[in-house]
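Peer 1: What follows is a predicted protein model with its sequence.
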Amino acid sequence: MIFRGSVFSTELQMETWLTVVAPNCFKDQNPHKVIYMLHGLCGHSGDWSDNTMLPLYANEYDIVFIMPEVGRSFYADTPHGSRYFSYVSKELPELCRNIFHISDKREDTAVMGLSMGGYGALKCALNRPERYWLCCAISAGGLSIETVHAHEELYDELTASLGPDFWREKENDVSALAREVSAQAVKPVIHMTCGTDDFVYGDNIRFRDVMKGLDFEYAYDEWEGDHNWYFWDESLKRMLQKYYG
């Protein structure tokens with residue numbers, strides 16, 4: 001079952017697109033496990049359902065997949081703009097629980113994303129570790145200001161919309177967040193994948209090395225692949241087999 005439509009967000013003060021993929025037949029009457037699937041910088045809410053086998057995975061694993069649309073926001077509450085982080089991490093779960101038959105339990109809730117959405121998944125899970133038991137970040141992009149700065153036009157765009165100190169602020173710096181959450185009792189399982197031919201590969205390796213020194217249940221996998229849907233669908237399939245199979 002695929003739902004495509006718009007919902008009104010009070011955090012955003014506008015209608016915004018939403019895609020939900022659910023099993024065709026629910027196997028029981030209990031609230032269902034849910035995974036929030038976050039899109040990349042050039043994507044939209046329908047990317048995951050359009051470019052992967054997500055409808056089949058929903059039936060196979062009996063999971064509801066929820067896919068918001070956030071534009072090129074980097075899942076941020078901007079100083080003078082939209083509140084996309086608050087929308088995705090707080091309002092969206094509450095809104096969806098009122099419409100779809102999904103669980104509100106931490107052990108039933110995960111967040112996954114690709115590219116900008118990989119960064120967004122880490123940001124959500126590390127800022128709200130009490131809400132997500134699992135975070136899967138695939139080809140995560142924008143993990144540091146240095147990577148963004150290497151792409152001049154993108155850097156100019158993002159610093160104009162997000163502010164020049166965005167990645168240095170604690171709630172946006174995933175490395176700093178990981179160090180802080182590492183000392184806490186409740187923290188998410190984090191699993192990352194990246195293709196060895198991907199332009200974000202170096203940034204993912206650097207973040208992997210940060211995570212190796214911290215007290216997390218953490219996994220990192222790489223294989224030959226680029227920044228494309230061949231790699232992302234394979235990553236998604238492996239994640240679901242590992243954690244829900």
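Peer 2: Right, received. Where do you want to start? Numbering: from 1, shown residues only.

Peer 1: all helices of this protein, in order?
Peer 2: Assigned by DSSP state H, the helices in the chain fall at 47-51, 54-61, 84-86, 92-97, 116-127, 145-149, 152-162, 174-182, 201-212, 229-244.

Peer 1: Out of those, flag the one nearest residue 25.
Peer 2: Closest approach to residue 25 among those (Cβ to Cβ): helix 54-61, 7.8 Å. In short, each C-beta sits where N, CA and C put it, glycine included.

Peer 1: and the angle for the closest one with helix 229-244?
Peer 2: 10 degrees (axes from the mean of the first three to the mean of the last three Cα atoms, to 10 degrees).

Peer 1: Among the helices of the chain, show the one with the smallest mean pLDDT.
Peer 2: Among these, helix 145-149 has the lowest mean pLDDT, at a mean of 66.

Peer 1: circling back: which stretch among the helices of the chain is buried most, on average?
Peer 2: Neighbour counts (mean count of other Cβ atoms under 10 Å) averaged over each of the helices of the chain peak at helix 116-127, with a mean of 28.

Peer 1: one step back: among the helices of the chain, which is nearest residue 139?
Peer 2: Sorting those by Cβ to Cβ, the top spot, which is the nearest, belongs to helix 116-127 at 5.9 Å.

Peer 1: and the closest one, what other elements does it pack with?
Peer 2: Applying 3 or more Cβ pairs under 8 Å, 6 or more residues apart in numbering; DSSP states H and E, one finds that helix 116-127 makes contact with strand 33-38, helix 84-86, strand 109-114, strand 134-138, helix 174-182, strand 189-195.

Peer 1: Residue 203 is nearest to which of these?
Peer 2: strand 189-195 (8.7 Å).

Peer 1: Note down every partner strand of that closest one and its orientation.
Peer 2: In the sheet, strand 189-195 lines up against strand 134-138 (parallel), strand 218-223 (parallel) (DSSP bridges).

Peer 1: want to throw those strands into CSV with distance to residue 175?
Peer 2: Listed next are those as CSV, based on distance: least, Cβ to Cβ, whole Å:
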stretch, distance to residue 175
strand 134-138, 13
strand 218-223, 13
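
Peer 1: Now stretch 23-42: average pLDDT?
Peer 2: 88.
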